[in-house]
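Student: I would like the atomic coordinates for the input below:
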Amino acid sequence: MTPPKTRRPSLDAQRGSVLTPNAAIEQEYAAAILTLIRRMSDETKKAMQAVFAGERPSIEAEVAMDAADVPTGVSTQARVALNALMDKYEPIFNRWAKKATQRMMDRTAKNSGVTLGLSLRQMSAAVRLDATKLSPRTQDIIRAGTAEATSLIKLIPAKYLTNVQGAVSRSITTGNGMADLVPFLEKQYQGNVKHARFVAHDQVRKAYNNVNASRMTDLGLRTYEWIHTGGAKEPRKLHEQLSGKVCSLDDPPYIGEMYGQPVYGKPGDLPGCRCRMRPILDFGDDEDDEPDQG
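Tutor: Down below sits the predicted model:
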């Protein structure tokens with residue numbers, strides 16, 4: 001496969017402003033997820049403390065159990081309690097994940113209309129964007145992004161509570177009980193917080209860039225300048241090399257690998273990518289094209 005080409009903007013290229021996602025949308029989206037994680041973590045800790053103290057956990061599950069139905073034994077009671085927590089929090093996460101993600105996507109689409117419109121007006125008075133309209137393709141992209149982001153959030157309770165069950169078994173085996181379990185639960189909570197923030201920020205950036213790219217294509221604008229923003233602890237060298245180059249939405253550059261496979265795309269397509277796009281109307285020729293440095 002022939003590597004896509006990139007080049008420096010020609011002297012007569014007209015550039016818009018850099019397209020930057022709204023940080024407030026990212027923060028609001030993350031906050032909605034973190035609230036649920038805190039509630040689930042706190043209730044899990046209380047339930048496990050009750051189990052190891054020989055008490056019945058107080059869990060407001062949708063399907064309550066009679067006291068006589070609760071088996072004896074720490075391991076079994078822990079399993080019953082964790083199953084009850086799963087029954088409670090899976091539907092809550094499912095419901096709120098969809099609601100929060102839909103709101104995030106709606107706000108991101110509106111933010112795209114405003115910021116892309118401003119960028120286009122800066123680039124050329126002849127290029128206009130109706131921020132209120134979304135093409136069928138853009139609507140499909142929004143639906144796909146909503147489904148992807150929602151699914152990532154919905155997985156949190158099952159993964160978390162499964163890990164807790166394993167930790168309970170180990171704490172019983174060692175005989176240390178809550179002495180081992182408390183630090184584990186805190187570590188799991190912090191890990192969930194970090195993961196949720198990453199997912200929230202990453203999905204907002206990805207959705208924003210996908211909607212912008214679709215809208216640009218609808219307008220016949222297929223080139224942009226790659227902007228590497230930095231800020232990451234381990235920036236992708238390839239993305240640093242792409243910064244300042246003109247890239248095409250029709251013939252995207254090589255941007256790295258995922259699961260051992262080469263990826264050709266745009267800013268935000270790879271996890272954690274914070275790079276941005278600057279729309280370009282470039283009337284220069286392609287004689288100075290140079291191969292992608294990646």
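Student: Output the below-cut-off pLDDT ranges for the stretch 51-200 of the chain.
Tutor: For the stretch 51-200 of the chain, the stretches flagged by pLDDT under 70 are 55-56, 58-72.
Student: let's see it at 50
Tutor: 61-71 (pLDDT under 50).
Student: Quick one: the helices in it, in order.
Tutor: 74-123, 136-154, 156-174, 178-218 (DSSP state H, counting those that start in this stretch).
Student: Go ahead and name everything in contact with stretch 160-170.
Tutor: 40-41, 44, 48, 51, 74-75, 78-79, 82, 85-86, 89, 180-181, 184-185, 188, 192 (CB atoms under 8 Å, 6 or more residues apart in numbering). From N, CA and C alone the C-beta is placed, and that goes for glycine too.
Student: now those residues: which count as buried?
Tutor: Buried by 16 or more other CB atoms under 10 Å: 40-41, 44, 48, 51, 74, 78-79, 82, 85-86, 89, 180-181, 184-185, 188, 192, out of the contacts of stretch 160-170.
Student: residues touching the residue lying closest to S214 once chain neighbours are set aside, list them.
Tutor: Spatial nearest neighbour of S214, excluding adjacent residues (CB to CB, 6 or more residues apart in numbering): T138 at 4.3 Å. Listed by CB under 8 Å, 6+ apart, the contact partners of T138 are 109, 211, 214-215, 218.
Student: how close does V199 sit to K245?
Tutor: The spacing between V199 and K245, counted by CB to CB, to the nearest Å, is 29 Å.
Student: swap in H195?
Tutor: Distance of H195 to K245, computed by CB to CB: 32 Å.
Student: A207 too?
Tutor: 24 Å.
Student: in what helix or strand does R278 lie?
Tutor: According to DSSP states H and E, R278 maps onto strand 276-281.
Student: how close does the residue nearest to S214 sit to R215?
Tutor: For T138, the distance to R215 - CB to CB - is 6 Å.
Student: same check, this time on P271
Tutor: From P271 across to R215, the span is 23 Å (CB to CB).
Student: what's the answer for E240, then?
Tutor: 27 Å.
Student: swap in Q14?
Tutor: From Q14 over to R215 (counting by CB to CB), the distance is 18 Å.
Student: Over to P253?
Tutor: 20 Å.
Student: same thing with C275?
Tutor: Distance from C275 to R215, by CB to CB: 18 Å.
Student: Likewise for Q27?
Tutor: Using CB to CB, one obtains 24 Å as the distance from Q27 to R215.
Student: Compare these two and say which one has the larger neighbour count.
Tutor: R215 (26 against 13; other CB atoms under 10 Å).
Student: ok now stretch 22-30, how far from the chain's centre?
Tutor: 11 Å (CA atoms, centre = their mean, to the nearest Å).
Student: Give me the buried positions along that stretch.
Tutor: Buried, per 16+ other CB under 10 Å, within stretch 22-30: 22, 25-26, 28-30.
Student: now swap in stretch 238-249 and tell me
Tutor: Here stretch 238-249 shows 238-239, 241-243, 245-247, 249 as buried, counting by 16+ other CB under 10 Å.
Student: And the furthest pair within the residues you listed?
Tutor: Q241 and L249 (19.2 Å; CB to CB).
Student: I'd assumed N94 was in contact with M86.
Tutor: No - assessed by CB atoms under 8 Å, M86 is found out of contact with N94, at 11.9 Å.
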